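Undergrad: Need a 3D model of the sequence below.
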Amino acid sequence: MTTATTPGRRAGVLTWVLRLVGAVLLAVMGWLHLDLWLDGYRTIDVIGPAFVLNAIAGFGLALLLLVAPRRWLWLAAALGALTALGTLTALLLSTTVGLFGFVESSAAPLWWETFWVELAAVVVLAVLAVDARRRPA
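TA: Here you go, the predicted model:
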């Protein structure tokens, strides 16, 4: 016996896959910033508190993405995408021109991991936000 998959069912599965991948990426982003904060970034003015806030936001938005009702999913995904984009922008600014008097290097611990996780989070969550907004609950 074969079971035919309907387009609506496939879309539902895709939505949950994007939710899960997005939540994992946000949680990893939060963990990376918490790890770096614990490793010494906490002593840097402005940057240290920003890393703690990013860790809290990453974990909180990951949870929100998993529990948001379908009709508010687009908003949760958009908030996650914007947070990841802001964090990615801060990383690139701190590496190129400096940020709040702090200049980072791409040779710093976890720089490349952070870059790829944040970039992937922006893409996945933007796709999810657009898809969830386009298809009503």
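Undergrad: max-length helix in the chain?
TA: Counting by DSSP state H, the longest helix found in the chain is helix 7-38.
Undergrad: how far off helix 7-38 does the helix or strand containing residue 73 point, in degrees?
TA: Here residue 73 sits within helix 73-96, counting by DSSP states H and E. Here helix 73-96 runs at an angle of 40 degrees relative to helix 7-38 (axes from the mean of the first three to the mean of the last three CA atoms, to 10 degrees).
Undergrad: Show me what helix 73-96 packs onto, helices and strands only.
TA: Helices and strands touching helix 73-96, by 3 or more CB pairs under 8 Å, 6 or more residues apart in numbering; DSSP states H and E, are helix 7-38, helix 47-67, helix 111-134. For glycine as for every other residue, the C-beta is placed from the backbone atoms N, C-alpha and C.
Undergrad: who's in contact with the spatially most central residue of the chain?
TA: Centroid-nearest residue in the chain, with CA atoms, centre = their mean: residue 26, separated by 3.5 Å. Contacts for residue 26 (CB atoms under 8 Å, 6 or more residues apart in numbering) come out as 58, 59, 61, 62, 65, 80, 83, 84, 121, 125.
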